[in-house]
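Q: Here is my input; please provide its structure:
(one chain, ligands or ions: 3)
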Amino acid sequence: MSNKKPSIAIVSLTCCEGCQVAILDLGERLLELTEKIKIGDFALIEDRAEPENYDVVFVEGTPITSQNVARVKDLRARTKLLVTIGACACLGGIAELKNYQNKEQRLRYVYKNFEGIANPDIRPVRYYVKVDLEIPGCPINKEEFLWAAKELIAGVIPKIPQRPVCYECQLKRNECLLQKGEPCLGPMILGGCGAPCPSSAYPCDGCRGPLKGAAINNFNNKLKEVYGFSQQEIDLIMQRFGMLDDMYPSPPVIPKNKIIKK
Ligand code: SF4
Ligand code: SF4
Ligand code: SF4
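A: Ligands and ions are numbered 1, 2, ... in the order given. Next comes the predicted model:
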């Protein structure tokens, strides 16, 4: 990148904007960072005139509407690097739950008259455009974001260490929930979050998505054979953040018309 201040944007598609809140939570360290960059768009703080092109665009949220998809394609065409942040953008997020159910029934549940309402399958951002880096989590880990943002601003695409959640969980000397019979997905989920869930005695639901190279089928079988969980119980946890189809990339396993009874 040139001597000019790098130009960045932090944009939201459809989501709760919690990942942007995590970024704001950096406080003074965010202010220090903004001295080194030009922010073209940061919707949660203020609307600004957008420059023609960006160096780095961070995208939060799920591309659900046609406007979302058009927006992310337009940004991709105008940025050197595009980085997705959060489970919504990286995995499809909670909105992707719909893919694993009867979509029409879900729509009827909310709208009495749904004529003219689009009801697409939910996909992560990488389904629509090239993504240079994914920073997953729900919400993202602000420390990881800050580290990655500094690297990206320097023109380097950082590599997120491929370690499971168990690695950080064990460093914190937590008692293992899986060994106590709870359905913790930690062994096959990408770490980097600091294992906040098992540290609070709550099993890891996989908001950071699958760890590359994890022996997923093996772990899945262990959950069933050793710990006695049913495949449906395991699938329901993997659906929570839109991860189920990412766990079995070839061939994709998306149970059709699986209806979660309320
Ligand atoms: S990943 Fe979680 S915190 Fe971030 S925008 Fe989506 S729902 Fe909100
Ligand atoms: S509690 Fe979960 S994350 Fe922690 S060591 Fe056990 S399986 Fe791994
Ligand atoms: S422990 Fe699991 S569910 Fe919790 S933040 Fe980390 S990856 Fe997400």
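
Q: what sits against residue 193?
A: 137, 141, 144, 165, 168, 207, 208 (CB atoms under 8 Å, 6 or more residues apart in numbering). The way it works is simple: take the backbone N, C-alpha and C, and place the C-beta from them, glycine included.

Q: Number of residues surrounding the fourth one?
A: Put plainly, it is residue 165. 27 (other CB atoms under 10 Å).

Q: now the residue of the chain found nearest ligand 2, nearest residue through space, not along the chain?
A: The nearest approach of the chain to ligand 2 comes at residue 186, 2.4 Å away (CB to the nearest ligand atom). Leaving aside its sequence neighbours, residue 186 sits nearest to residue 165 (CB to CB, 6 or more residues apart in numbering; 3.9 Å).

Q: dump the residue contacts of the one you found.
A: 185, 186, 187, 189, 190, 191, 193, 195, 198, 204, 208.

Q: Return the backbone torsion pair for the third one.
A: Backbone torsions of residue 187, given as degrees, to the nearest 10, read phi -60, psi -20.

Q: ok, back up a step: list the residues that contact the residue of the chain closest to ligand 2.
A: Per CB under 8 Å, 6+ apart, neighbours of residue 186: 164, 165, 166, 169, 178, 195, 198, 203, 204.

Q: Close to ligand 1: what parts of the stretch 51-200 of the chain are there?
A: 60, 61, 86, 87, 88, 93, 94, 138, 139 (CB under 6 Å from any ligand atom).

Q: quick one: the fourth one and residue 243, what's the gap?
A: Right, residue 87. Distance, residue 87 to residue 243, by CB to CB, to the nearest Å: 8 Å.
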